[in-house]
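In: test case, fold it:
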Amino acid sequence: MRAPEPGERPVGRPSLAIASAPAPEFTDSLVLAGAVSPGTAAPGDLQALVAQTLERNPGLRAAWLEYEAALQRIPQVTALGDPEIQLMGMVNENDIGRGPRRFEIGLMQRFPWFDVLSLQGQVAFHEALEKQAQYLTQVLDTVRQVQGLWWELAFQAARREIAREEQEILGGIAEIASSTAATGTGPLADIVGAETEEAQIEEELINVEQRVATLTAEINELRDVPPGTSVGEPSLSDASLALVDADVEALLASAELMRPEVTEIRHRIERQLRERSLARRRGYPQFMVGVEDAFIGSRDESMPEDENFEVVLGATIPLWRSAYRAGVAESQRNLDASHAMLRETSNRVAQEVQSAHFARQEALDLMDLYAGVLIPQAETRLEFAQSAFSTGESSLVELLDAERVLVRLRLAHEQARRDYLLALADLERAVGAALAGPSTAPLHPGVIAGAQ
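Out: A predicted model of the protein is given here:
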């Protein structure tokens, strides 16, 4: 075997245990990847929902089967070609001195250059690992989809709750308006205004129910169940808003190691290095080794029949050097393109980590502002407005304005809470691993079970 060329990594025989051992089952791979726990949580729990989705999603199963199919390429490309057998009968008997040659039988085996089969196995091995990385990418994408739909569903539940509480407030305002109108201290228009506001709340509740039905159907599509199947009652208030203390540099370092998109390109580079070596070996000869046995007849009855046993050696003559050089140049260009793509992907991953990190911090700051300052102020203002309206010191317009401000701020607070959870999910997707809090992003395993 030749020594590695300058700048080329040493190429050895790959470990083909990946092909000799049976591939792990699809559901086993999810357990070992950290995406599915052996014991699922109660119905309506995000962890259980993600686990069921990853186990049932048809797209994920298809990606897993493509990975398993790629594993089966390894024993195919590392095997020698079938030997050739030749049987020749003589139309005109050829007398070779000892007697006429009646027929010949030969067996021939072709052998490629010494390390070609090993290189082909390594190419197939890294191609399978590329498929594995693509599967893991789909796992992370699916987890992120479920998380996004789940927290949006929880936000709609918060909208519904706030709207119903607003209905109660408006009901109280309508009673005050009726009371003041009955005593002649307030106009009848106040009653109409309060009823109009209540009708708008009914419209809001209808919109919420339509949105909930749509989100539920989207989740059920991912987990391959009928659209109307219940997914439980998510709640933003039940979510644990655990903080992520890791700084951006630590997150970036983790993402570079954990992101399957980066891993896929690295395996592609390893594959293309070996494809370049194979392209160079196209200019090396292939060998043929065979045996032939010729059956020789006798000239007369006094001489027995005989055999003529021969060993045959042969080799191809690589003549088309320009074609071989073009193949090497093609492999090198593909390799250069993959290096550029790796750089581009690393930059994109870094941008995604930074963006999600800052979005999470922004949502956290807004939550603190709403909960600590703006909502208490709006509640105090509404109390004063209700008191003033009941005594006739202010109008219904002022009271409704105070009520609208409080509702808007409460919705904004719930939206910031949702945005925090979505940003945390985005951050985990950007890093490729679970960090903290209510997330269920699977820890990225270096390799799925049985792959090494």
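In: now residue 65: how far from residue 58?
Out: Applying C-beta to C-beta, to the nearest Å, the value for residue 65 to residue 58 is 10 Å. Backbone N, C-alpha and C define where each C-beta goes, glycine included.
In: please disregard the earlier target; I meant residue 197.
Out: 47 Å.
In: look at those two and report which has more neighbours.
Out: residue 197 (19 against 10; other C-beta atoms under 10 Å).
In: that one belongs to a helix?
Out: Yes - assessed by DSSP: H, G, I helix; E, B strand; the rest coil, residue 197 belongs to a helix.
In: the nearest residue to it once chain neighbours are set aside is in what secondary structure piece?
Out: Nearest residue to residue 197, sequence neighbours excluded (C-beta to C-beta, 6 or more residues apart in numbering): residue 170, at 5.2 Å. Assessed by DSSP states H and E, residue 170 sits inside helix 116-183.
In: and the strands in this structure?
Out: Along the chain, counting by DSSP state E, strands occupy 84-95, 100-111, 287-296, 306-315.
In: any chance of a markdown table for the ones you listed, columns distance to residue 362, mean neighbour count and mean pLDDT?
Out: Output for the strands of the chain, formatted as a markdown table (distance: least, C-beta to C-beta, whole Å; neighbours: other C-beta atoms under 10 Å; pLDDT from 0 to 100):
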| stretch | distance to residue 362 | mean neighbour count | mean pLDDT |
| --- | --- | --- | --- |
| strand 84-95 | 71 | 10 | 69 |
| strand 100-111 | 65 | 15 | 80 |
| strand 287-296 | 67 | 16 | 83 |
| strand 306-315 | 69 | 11 | 78 |
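In: now render those as CSV, adding distance to residue 142.
Out: What follows is these, written out as CSV (distance: least, C-beta to C-beta, whole Å):
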stretch, distance to residue 142
strand 84-95, 50
strand 100-111, 46
strand 287-296, 50
strand 306-315, 53
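In: residue 224 is nearest to which of the ones you listed?
Out: Smallest distance to residue 224 across those (C-beta to C-beta): 48.3 Å, for strand 100-111.
In: which elements pack onto that closest one?
Out: In terms of contacts (3 or more C-beta pairs under 8 Å, 6 or more residues apart in numbering; DSSP states H and E), strand 100-111 is packed against strand 84-95, strand 287-296, strand 306-315.
In: could you redo the last one with a cut-off of 7 Å?
Out: strand 84-95, strand 287-296 (3 or more C-beta pairs under 7 Å, 6 or more residues apart in numbering; DSSP states H and E).
In: low-confidence stretches in the stretch 201-350 of the chain?
Out: Residues of the stretch 201-350 of the chain that meet the criterion pLDDT under 70 lie in 238-246, 296-307.
In: how about the helices in the stretch 201-350 of the chain?
Out: In the stretch 201-350 of the chain, helices defined by DSSP state H, counting those that start in this stretch lie at 248-258, 260-281, 321-369, listed in chain order.
In: for residue 334, grab the count of nearby residues.
Out: 16.
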